[in-house]
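Asker: need coordinates for the following:
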Amino acid sequence: MSPEKHIPFSKVLAALLDQDKPFPPSYLRSFSDLEIRDRVELKKIWKQIQPQRRINLLQDLEDLEEVDYTVSFEETARLALKDDDPEARVIAIRLLWGSISEGLAPALINLLQSDPEVGVRAQAAAGLGYFIYAGELEEISQQTLNACEDALLAAYRQSGSELVRRRALESLGYSSREEISPLIQEAYKKQENEWLNSALVAMGRSANEQWRKIVMAMIDHPRISVQVDAIHAAGELALEEARKPLLERLEEGIEDEEVFLEIVWALSSIGGEGVRHALEKLLEDTDDDDIADVIEDALDNLFMTEGLADLGMFEFDGDDNDDPSNPQDDRVEPPDPQLKKKRKRH
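Answerer: Okay, here's the model as predicted:
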């Protein structure tokens, strides 16, 4: 147990209410995995906290969650879903990414359908993507999955906001329902900047190789944001034909940092000849600690990619672990480890 857990929660709340002093960063972890009595006390004083201070707290919790995957601020985020400030509601939805508590799905559906702010509705559409992913893995009930898909399809077809429609399509990319592929194709054919981005995001999430030619054609697109989403999709789809051109781009040098980081991640998910050597050389040559951290994460991801490839070389007969009904076979990591850092996409 971390030292922060020994701080009485009453002291944490008092500090939160004290507008004359900055809130101590060392108190942030006290909001992780709140006990019932602490949740009750936080709820009592939530609206007494100055609005900007509430937003600052949520932003700090989000920043901490992005660098420390052991913390969970679900209970605080649930409370903030009902905050009067739309920015607080948006951050709360992002904080809940990765939680597959089925009780959250109706709350997100309600925000998607009824929130007065476009930004909140769009973020709710994005947040529901995790439930589609979990539903495809049968980690939530079919009823909940259907409700999420139906709500997103309705938003795509009926929303007056293009942003909401695009976020709905991106989340529907995880779905295997027949009507989704034509919607992705429709978005791609628009050839409009933002719709092209959303189509590529959905393609990457689809786990469907029907999109490979389109994705490969877009990785050198003149617009950087399209390149980024196409490279990311190539990584998610593990397109082996992307390995050589992406390695060549690393060799040539890449000025845009976002493109560089996406190529590093995509290569770690594709794997194969030359990838480990290229990533290790990048790590050796960089003197930027943040870049080094990303490359080290990519090497960890590559280790998993290579392990899965090795497993594919063998056939197992009569092994209980091959039984698709065996629950341990369904333990899959959350979608796209990069997404936690991409939740703020516009």
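Asker: checking residue 101 next. Helix, strand or coil?
Answerer: With DSSP: H, G, I helix; E, B strand; the rest coil as the basis, residue 101 sits in coil.
Asker: please renumber so the chain begins at 243
Answerer: Sure, I'll start counting at 243 from here, so that last one is residue 343.
Asker: that one: neighbouring residues, count only.
Answerer: 12 (other CB atoms under 10 Å). No exception for glycine: its C-beta is placed from N, CA and C like everyone else's.
Asker: measure how buried the residue nearest to it when sequence neighbours are not counted is and give me the count.
Answerer: Nearest non-adjacent residue to residue 343, counting by CB to CB, 6 or more residues apart in numbering: residue 316, 7.4 Å away. Using other CB under 10 Å, residue 316 has 18 neighbouring residues.
Asker: show me the contacts for residue 316.
Answerer: The contact partners of residue 316, taken as CB atoms under 8 Å, 6 or more residues apart in numbering, are 337, 338, 341, 343.
Asker: show me the longest helix that occurs in this protein.
Answerer: helix 531-553 (DSSP state H).
Asker: packing partners of that one?
Answerer: Counting contacts by 3 or more CB pairs under 8 Å, 6 or more residues apart in numbering; DSSP states H and E, helix 531-553 packs against helix 499-512, helix 517-527.
Asker: most packed of the ones you listed?
Answerer: Each of the helices and strands packed on helix 531-553 was scored by mean neighbour count; the highest is helix 499-512, a mean of 22, by mean count of other CB atoms under 10 Å.
Asker: any idea of the angle that helix forms with helix 531-553?
Answerer: 20 degrees (axes from the mean of the first three to the mean of the last three CA atoms, to 10 degrees).
Asker: quick one on the thing from earlier: want to throw the helices and strands packed on helix 531-553 into TSV with mean pLDDT?
Answerer: Below are these laid out as TSV (pLDDT from 0 to 100):
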stretch	mean pLDDT
helix 499-512	97
helix 517-527	96
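Asker: dump the ones you listed into CSV; add distance to residue 414 as well.
Answerer: Shown next, in CSV, are the helices and strands packed on helix 531-553 (distance: least, CB to CB, whole Å):
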stretch, distance to residue 414
helix 499-512, 22
helix 517-527, 31
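Asker: how about low-confidence regions in this structure?
Answerer: In the predicted model, the chain carries pLDDT under 70 at residues 243-247, 551-588.
Asker: one more pass at 90, please.
Answerer: Within the chain, the set of residues satisfying pLDDT under 90 comprises 243-249, 308-309, 311, 339-345, 433-435, 548-588.
Asker: could you double-check that residue 387 lies in contact with residue 375?
Answerer: No - between residue 387 and residue 375 there is no contact under CB atoms under 8 Å: 9.9 Å.
Asker: and residue 450, how far from residue 468?
Answerer: 19 Å (CB to CB, to the nearest Å).
Asker: swap in residue 378?
Answerer: Applying CB to CB to residue 378 and residue 468 gives a distance of 26 Å.
Asker: burial of residue 263, as a residue count?
Answerer: 7.
Asker: no no, residue 249
Answerer: Around residue 249 there are 16 other residues, counting by other CB under 10 Å.
Asker: same deal with residue 461?
Answerer: 25.
Asker: what's the nearest residue to it if we skip its chain neighbours?
Answerer: In space, residue 461 is closest to residue 472, 4.5 Å off (CB to CB, 6+ apart).
Asker: picking that back up, nearest to residue 368, of the contacts of residue 316?
Answerer: residue 338 (11.0 Å; CB to CB).
Asker: which parts of the stretch 393-542 of the chain are helices?
Answerer: Along the stretch 393-542 of the chain, counting by DSSP state H, counting those that start in this stretch, helices occupy 404-414, 422-432, 435-447, 454-460, 466-478, 485-494, 499-512, 517-527, 531-553.
Asker: next, the buried residues of the second one.
Answerer: Right, helix 422-432. By neighbour count on 16 or more other CB atoms under 10 Å, the buried set for helix 422-432 is 422, 423, 425, 426, 429, 430.
Asker: equivalent analysis for the last one, please.
Answerer: In terms of neighbour count (16+ other CB under 10 Å), helix 531-553 has its buried residues at 533, 536, 537, 540, 541, 543, 544, 547.
Asker: looking at these, spot the one nearest residue 392.
Answerer: residue 543 (33.8 Å).
Asker: and the closest one, how close does it get to residue 518?
Answerer: In terms of CB to CB, residue 543 sits 11 Å off from residue 518.
Asker: same thing with residue 537?
Answerer: Distance of residue 537 to residue 518, computed by CB to CB: 11 Å.
Asker: same question for residue 445.
Answerer: On the measure of CB to CB, residue 445 and residue 518 end up 27 Å apart.
Asker: now do residue 254
Answerer: Taking CB to CB, one finds residue 254 at 45 Å from residue 518.
Asker: equivalent analysis for residue 371, please.
Answerer: 31 Å.
Asker: just residue 533 next, same as before
Answerer: Relative to residue 518, residue 533 is positioned 17 Å away (CB to CB).
Asker: circling back: now for the buried residues of helix 531-553: which two are most distant?
Answerer: 533 and 547 (20.3 Å).
Asker: my guess is residue 429 contacts residue 440. True?
Answerer: Yes - taking CB under 8 Å as the definition, residue 429 is a contact partner of residue 440 at 5.8 Å.
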